[in-house]
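*Asks:* How does the following fold in three dimensions:
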Amino acid sequence: MFRLHHVGTLVADIASARRAMVERFGYRPWTDVITDPVQTAEVQFLHLPGAAQWLELVTPAGPESKLSNALRKGVTLHHLCYEVEDLEGALERLRGQGMLIVGAPAPAVAFGGRRIAWLADKAAPLVELVEAGPGPLRLAELAVPGEGGDRGRAG
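*Replies:* As a prediction, this is how the structure comes out:
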């Protein structure tokens, strides 16, 4: 089963983007800024109270980042991420439907070492899969819509 985990948006400056999302829409920072050297990115997760998923702000971690070119081209909606119980099974299913695996399963800093994988096809944006399990940023952490509460973490 695929459950929407987060929408990844590419930004030039996380602090400015975070400020805008907080002021305009009422998002709350959920994490501090996280540096992921494997993904050559800095990210921060925000949460809209009552929502069942996060918004991820993504920026290149330096000029050599693999994200720099996309940012120069003006890409903003970078990826959709789905949490899955069976990462290999989900990859096989999507590959069977014509998607190309562009990033093999690898541990991710933001998810406490839970693995992620990347896929692409002719339609944009990229698709990221994150395996379910223990660790930070599990969908199970979010309050069920309508039941109130928001447990944002970062200040």
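*Asks:* where along this protein do the strands fall?
*Replies:* 3-10, 28-29, 34-36, 41-47, 54-60, 77-84, 100-107, 115-120, 126-131 (DSSP state E).
*Asks:* pLDDT value on the closest residue to R3 other than its chain neighbours, please?
*Replies:* In space, and not counting its chain neighbours, R3 is closest to E83: 4.8 Å by Cβ to Cβ, 6 or more residues apart in numbering. Yep, even glycine has a C-beta here, placed from its N, CA and C like the rest. Note on E83: pLDDT of 98.
*Asks:* What separation do you get for E83 and V43?
*Replies:* Counting by Cβ to Cβ, to the nearest Å, the gap from E83 to V43 is 16 Å.
*Asks:* Counting neighbours, go ahead and name the busier of these two.
*Replies:* Shown here are E83 and V43; by other Cβ atoms under 10 Å, E83 has more neighbours (25 against 22).
*Asks:* That one is in contact with G135, isn't it?
*Replies:* No. Here E83 lies out of contact with G135, judged by Cβ atoms under 8 Å, at a distance of 11.4 Å.
*Asks:* just checking, what packs against the helix or strand bottoming out on mean pLDDT in the chain?
*Replies:* Lowest mean confidence among the helices and strands of the chain (mean pLDDT, DSSP states H and E): helix 68-72, at a mean of 92. Other elements packing on helix 68-72 under the criterion 3 or more Cβ pairs under 8 Å, 6 or more residues apart in numbering; DSSP states H and E are strand 54-60.
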